[in-house]
Every structure is written in C-alpha cells, then in structure tokens.
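*Asks:* quick check, what structure comes out for this input:
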Amino acid sequence: MMDFEVGQQFVARVAGARQGQLNDFGRMMGTAGRIHTDPEWAAGTPAGGVLVQGGLVMAPLHDVMSRLVGTQRWLRGSRLTIKIVSFTRPNEPITMRVRVSEATADKVGFAVSWIKEDGTTVMVADVETQR
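*Replies:* Reported below is the predicted structural model:
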C-alpha cells in the first residue's frame, strides 16, 4: 500500500453508462425496474427519464480503491458508508474524487464524491481501510 497524506487527492473520470449497460446491470443485480430500463415509460414519470442505478454509478470505486490500497485490503479490510444525493442519466459522465481524510499508523480514511459535469454531487462516501 502506498503512503498517504491527508488532503492528497485522486481523480477518475468515468464515462456515462449506456442504456445497454443499465439493462445488463439490472438483470444481473435485480435492479431492472422500468425507471432504469424503459426509456419511453421513464420519460412519462416525475423523474422525466431513465435513471442510472446507484450501484452502477458506484462500481468504479472498486477499481480505484483496489489500485490505491490493494484488492485484498479493499475487499477484506475496508468499511464503506455511502449516500446517494442526486441521480445521473445514461451517457452522463461522472468525475469521482477520492481525498485522503485520515492517515494514521493503523488506518487510512478517504472521502469520495461522484460529481456531474454541471457540478451536481451524485453520491458521497466515506471509506476506511486498515493498513
């Protein structure tokens, strides 16, 4: 695991999910509700269109954290608290920012945010991993 300093930041740009990916993810994870998979139906809802599943928006965190702390430490020695605060639509790119919030001899904490191009925050998370 690399050395971390409080305030250190890592940024990942994530391409927007395509409708086919939403459909596949929905079938695989049991989140195939019409608000995610039926553009015509979703257009007539108060949401005004298809919404990307929160789990699909969150998925790139696995790759980023695996690279930062190692896959085993991420999967077995980490705790994640996440909050969805907005939504994203198909083909809408997201920037994921990971900031070191704590770095001690025993653990490293990260504050994570997923942000749309217009500056809207989609999700926020706190990650804690053991050293």
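*Asks:* off-centre distance for stretch 6-26?
*Replies:* Offset of stretch 6-26 from its chain centre (CA atoms, centre = their mean, to the nearest Å): 6 Å.
*Asks:* measure it end to end?
*Replies:* Terminal residues of stretch 6-26 lie 37 Å apart, using CA to CA, to the nearest Å.
*Asks:* so residue 23 makes contact with residue 33?
*Replies:* No: look at residue 23 against residue 33 with CB atoms under 8 Å: they stay out of range, at 11.2 Å. Every C-beta, even on glycine, is put in place using the N, C-alpha and C of the backbone.
*Asks:* who touches the residue nearest the centre of the chain in this structure?
*Replies:* In the chain, the residue lying closest to the centroid (CA atoms, centre = their mean) is residue 58, at 2.3 Å. Taking CB atoms under 8 Å, 6 or more residues apart in numbering as the criterion, residue 58 is in contact with 82, 114, 123, 125.
*Asks:* just the buried residues of the residues you listed.
*Replies:* The neighbour count (16 or more other CB atoms under 10 Å) marks 114, 123, 125 as buried among the contacts of residue 58.
*Asks:* okay if I get those as CSV plus distance to residue 105 and secondary structure?
*Replies:* Shown next, in CSV, are the buried ones among the contacts of residue 58 (distance: CB to CB, whole Å; DSSP: H, G, I helix; E, B strand; the rest coil):
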residue, distance to residue 105, secondary structure
114, 30, strand
123, 30, strand
125, 23, strand
